[in-house]
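>>> Sequence first, then the predicted structure:
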Amino acid sequence: IMSWDAYCNLPSATMACIAGVDGTQWGKKGDWKMTKDEGAKLAKASQGSMLPISGVKYMIVNKSGDVFFGIKGDNALVVYPLKKCFLAAVGPKGNQGQLIEEIGKFADSLSKGGY
């Protein structure tokens, strides 16, 4: 059985997480820190929302398909909401394209599994 952390292992991400829509964290990569309340806000990401991750606030600036994008300084945040959970990752702004591609692959397999 694959651990939830494996779903966060995005090569282009410095940190990532998978969590339930209630904000409960299931797995992570790197130094990802969030409260359950912060997780619940991430699960309901929308354009213009300010989302804190590991003490840094990211502003959601765009949405493409099912994926939300946020930025703060040189870093990009990608949030992919699904039915029962969401995937989120932070990485260098220059790697946003790869981040989206990588998170999309995990999201596809989760969504096929009913998540």
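Happy to help now that I have it. Numbering: from 1, shown residues only.
>>> From the centroid of this structure, which residue is nearest?
A centroid search over the chain (Cα atoms, centre = their mean) returns Ala88, at 0.6 Å, as the residue closest to the centre.
>>> in this structure, which spans are strands?
All strands of the chain, identified by DSSP state E, fall at 15-20, 25-29, 50-53, 56-64, 67-72, 75-81, 85-92.
>>> List the buried residues of the longest one.
So that's strand 56-64. Tyr58, Ile60 (16 or more other Cβ atoms under 10 Å). Where C-beta positions appear, they are placed from N, C-alpha and C, glycine not excepted.
>>> what do you get for the second one?
Under the neighbour-count criterion of 16+ other Cβ under 10 Å, strand 25-29 has Gln25, Gly27, Lys28, Lys29 buried.
>>> residues making contact with it?
Contacts to strand 25-29, defined as Cβ atoms under 8 Å, 6 or more residues apart in numbering, come from residues 3-10, 13, 15-20, 32, 34, 36, 39, 85, 89.
>>> Likewise for the third one?
In this structure, residues lying in contact with strand 50-53 by Cβ under 8 Å, 6+ apart are 15, 32-34, 38, 41-42, 45, 57-60, 70, 77, 79, 88, 90.
>>> Only the buried subset of these, as a PyMOL command please.
In PyMOL, this line selects whichever of the contacts of strand 50-53 come out buried by 16+ other Cβ under 10 Å:
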select buried, resi 15+32+34+38+41+42+45+58+60+70+77+79+88+90
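>>> between the strands of the chain, which gets nearest to Asp108?
Of all those, strand 75-81 sits nearest to Asp108, with 9.8 Å by Cβ to Cβ.
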